[in-house]
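Q: Predicted structure and sequence below. I'll ask about it afterward.
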Amino acid sequence: MIFSSIDFNEDEPIYLQIENYIKNMINNNMVVANGKLPATRELSRILGVSRNSIITAYENLEDEGVVYTVKGKGTFISPSKSKTEEGWQISWNDKVNNYGKLALELDIVKSEIPWEKNLISFKSISPDGELFDMEEFKKAFLNRISIEGHKLLNYGYAKGYKPLMEYLLEYMKSKGVDIEGKDIIITNGFTEGLEMLCEAYTSPGDKIICENPTHNTSIKIMKVHGIEVVGVKMNEDGIDILELEEKLKDNKIKFGYLIPSYHNPTGIVLKGEKRFEVYNLFKKYNVPIIEDGFNEELLYNSTHVSPIAALDKGGSGVVYIGSFSKILFPGIRVGWLLADKEVINILESVKRCKNIHTSFLDQGILYEYLRSGAFEKQIKKVRKSYKERYEFALKCINKYVNPKFIWGEGGLHIYIGIEGITGRELLNRCYKKGVIFTPGDVFSMDNAGDYTLRLGLSRLSLKEIEKGIKIIGEELKN
Ligand SMILES: Cc1ncc(COP(=O)(O)O)c(C=O)c1O
């Protein structure tokens, strides 16, 4: 309470002026209910008036119910006497712009059936937290903080924490990517990388080609930027080459967005030769590729396939976005974007407009974790665990479901096609029996995914997988 601002006059008694001052403060909502008033001795010293004037003012206010006293504790503002006036109302919904409206409309976290206790949920493709090596993580935290000290808690650089950037450049080299003429920026996951590219390189009405179906968040990001998402159908071996060429011929295509390994939602891995064919088509029509390599480390059925970025030796046609969300920890929100130096120069400035930089503490711990060799150990461990769930789920699907097709060869999920009933109708039936999954329609720009569903396996036990798939099979037959 700002008692120092009382300007006493000589016409009224001091105690009355103090009383009125306190009432005024209450009427103007400048004090909170149950807020403590200064002790009488203290206030008399602050205001330079007799303690008796303060005591009289407090007693009169208490008689009126404006304040109350608690023996041994002091005098407080009565709740009923504060905040008398109505707040100021703004109709925020009338002010929201198209970006905000679309973000809300396309936010499937709000519109889809949420997770509830006792449901068997095949919705998630997040990693299984029980597999995280917390001891290694704690060690990485302590080591890095003792090496860097307060530096990790201060402002850092927009492009990222240098040791992590250098580590990732080497990592990309080990994937066969020629990094000559390229640079890297650390992002808040894949999502921010794609968002920054859309912000800096697209305008409303631009077109981006992608696999149909594709990652729902990517569709959302493109749409909120007013981009026309041009889907190309998927076959069992990946994107349809003939349709892709047809659509690339439309020379107004700005980018291609592709997920060549463990594609979400289909799980398909584009084989080496076809990768080359796809790369050459984009090159022929001079359309840059945004390659999403989000979980290519999780291979367990085929031998390693190089990213498309590795085919572009000495070129600048591919922007590669990687992420630690599936292969390590989504909560630290660290991804990276490797591209031509000119692109990174622009994105560095875009990043400063958005959030200045990705948390240096998180980047520092992650770097230490990677450097220590814990990363390789973790990858081996999760591959083994997810492979077991994947193979078991395949057996269960074949035993209980009899789907039209099963696509994919690993990663964290299985994509299946069904007949006679849409994925969404099946979901509504299964929900009543305690099982949920993601219906294929959320991954599609048209009705291509209507008769499909994605089963995320990474956070379920074998027992839950079998029980859930059995229920899906039963509901499909009903
Ligand atoms: C295709 C695809 N790319 C990237 C990601 C990861 O995004 P982020 O790194 O922002 O967590 C996901 C997560 O589900 C995904 O499905």
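A: That came through fine. Residues are numbered from 1 along each chain as shown.
Q: which parts of the strand or helix carrying Lys23 are buried?
A: With elements delineated by DSSP states H and E, Lys23 resides in helix 14-27, which encompasses its position. Buried residues in helix 14-27, counting neighbours by 16 or more other C-beta atoms under 10 Å, are found at 14-15, 17-19, 21-22, 25-26. C-betas here are computed from N, CA, C, even on glycine.
Q: any chance of these in a markdown table, with distance to the ligand too?
A: Formatted as a markdown table, the buried residues of helix 14-27 follow (distance: C-beta to the nearest ligand atom, whole Å):
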| residue | distance to the ligand |
| --- | --- |
| Ile14 | 64 |
| Tyr15 | 64 |
| Gln17 | 61 |
| Ile18 | 58 |
| Glu19 | 59 |
| Tyr21 | 55 |
| Ile22 | 53 |
| Met25 | 49 |
| Ile26 | 49 |
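Q: and which of those residues is nearest to Ile46?
A: Ile18 (11.1 Å; C-beta to C-beta).
Q: mind checking how far the closest one is from Asn28?
A: Taking C-beta to C-beta, to the nearest Å as the measure, Ile18 falls 16 Å from Asn28.
Q: What's the biggest helix in this protein, counting residues?
A: Once the chain is assigned using DSSP state H, the helix that runs over the most residues is helix 374-400.
Q: Over that one, what's the mean pLDDT, rounded is fine.
A: The predicted model assigns helix 374-400 a mean pLDDT of 94.
Q: what do you get for stretch 415-429?
A: Averaged over stretch 415-429, pLDDT sits at 96.
Q: Output that stretch in PDB with nothing but the alpha carbons.
A: Coordinates of each C-alpha in stretch 415-429 appear next as PDB, following Å, rounded to 0.1, in the frame of the first residue of the first chain:
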ATOM      1  CA  TYR A 415      -0.900 -48.500 -40.800                       C
ATOM      2  CA  ILE A 416      -3.800 -50.700 -41.900                       C
ATOM      3  CA  GLY A 417      -6.500 -50.500 -44.500                       C
ATOM      4  CA  ILE A 418     -10.000 -51.800 -43.800                       C
ATOM      5  CA  GLU A 419     -13.200 -52.500 -45.800                       C
ATOM      6  CA  GLY A 420     -16.900 -51.900 -45.200                       C
ATOM      7  CA  ILE A 421     -16.600 -49.300 -42.500                       C
ATOM      8  CA  THR A 422     -14.500 -46.100 -42.200                       C
ATOM      9  CA  GLY A 423     -11.600 -45.800 -39.700                       C
ATOM     10  CA  ARG A 424     -13.700 -43.200 -37.900                       C
ATOM     11  CA  GLU A 425     -16.800 -45.300 -37.600                       C
ATOM     12  CA  LEU A 426     -14.600 -48.200 -36.300                       C
ATOM     13  CA  LEU A 427     -13.000 -45.800 -33.800                       C
ATOM     14  CA  ASN A 428     -16.400 -44.800 -32.400                       C
ATOM     15  CA  ARG A 429     -17.300 -48.500 -31.900                       C
END
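Q: ok now it, how far from the chain's centre?
A: Computed by C-alpha atoms, centre = their mean, to the nearest Å, the separation of stretch 415-429 from the middle of its chain amounts to 27 Å.
Q: Show me which positions of that stretch end up buried.
A: Neighbour counts using 16+ other C-beta under 10 Å place 415-418, 422-423, 425-427, 429 of stretch 415-429 among the buried residues.
Q: now the end-to-end length of stretch 65-80.
A: Using C-alpha to C-alpha, to the nearest Å, the gap from the first to the last residue of stretch 65-80 comes to 9 Å.
Q: Check the offset of that stretch from the chain's centre.
A: How far stretch 65-80 lies from its chain's middle: 47 Å, per C-alpha atoms, centre = their mean.
Q: Check stretch 370-382 too.
A: The gap between where stretch 370-382 is centred and where its chain is centred comes out at 23 Å by C-alpha atoms, centre = their mean.
Q: sorry, back to before: let me have the buried residues of helix 14-27 in a markdown table, adding pLDDT as columns.
A: Rendered in a markdown table, the data for those read as follows (pLDDT from 0 to 100):
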| residue | pLDDT |
| --- | --- |
| Ile14 | 93 |
| Tyr15 | 93 |
| Gln17 | 93 |
| Ile18 | 94 |
| Glu19 | 94 |
| Tyr21 | 92 |
| Ile22 | 91 |
| Met25 | 86 |
| Ile26 | 86 |
